[in-house]
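Asker: Here is the input, now give the coordinates:
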Amino acid sequence: FMNLWNRFIKCHHVIADRYIPRRVETFILVNRDKLIGADLRMNLLLHLSNLWDYGLISKNRISSCMAMYDDGEMPSGLT
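Answerer: Model (predicted):
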């Protein structure tokens, strides 16, 4: 999982912490098939939990990101 995440972040630079939530969403949308194919749901959830521990994403964003993973579409109401 981290190899996939690190490759993604190298191509999609993060200039400030406030961009992390949007990058996570993009990561899930771009790599959803790979994540599902490799059964990496728990790895994704653990990574999101670590980002929450460091104050980079909210608990609501974790829920919406996991919904994106499960449903394959961005939940309404996200900016």
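Asker: can you tell me the distance between the two ends of stretch 31-50?
Answerer: End-to-end span of stretch 31-50 (C-alpha to C-alpha, to the nearest Å): 19 Å.
Asker: Mind listing what's buried along that stretch?
Answerer: By neighbour count on 16 or more other C-beta atoms under 10 Å, the buried set for stretch 31-50 is 31-32, 35, 40, 44, 47-48. C-beta here means a position set from N, CA and C on the backbone, and glycine is covered the same way.
Asker: tell me which element the spatially most central residue of the chain is part of?
Answerer: For the chain, the residue nearest the mean C-alpha position is residue 24 (3.1 Å; C-alpha atoms, centre = their mean). In the assignment (DSSP states H and E), residue 24 maps to helix 20-37.
Asker: Mind listing residues that contact that helix?
Answerer: Contact with helix 20-37 is made by 1, 4-5, 8-9, 12, 14, 40-41, 44, 48, 51, 56-58, 61, 64-65, 68-69, 72, 74, 78, as judged by C-beta atoms under 8 Å, 6 or more residues apart in numbering.
Asker: picking that back up, quick one: which of the buried residues of stretch 31-50 is nearest residue 18?
Answerer: residue 48 (16.3 Å; C-beta to C-beta).
Asker: ok, now how distant is the closest one from residue 20?
Answerer: 10 Å (C-beta to C-beta, to the nearest Å).
Asker: Give the PyMOL command for selecting the buried subset of the contacts of helix 20-37.
Answerer: Per 16+ other C-beta under 10 Å, the buried members of the contacts of helix 20-37 correspond to this PyMOL selection:
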select buried, resi 1+4+5+40+44+48+51+56+57+61+64+65+68+69
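Asker: joint contacts of residue 48 and residue 20?
Answerer: Among the neighbours of residue 48, those also in contact with residue 20 (C-beta under 8 Å, 6+ apart) are residue 57.
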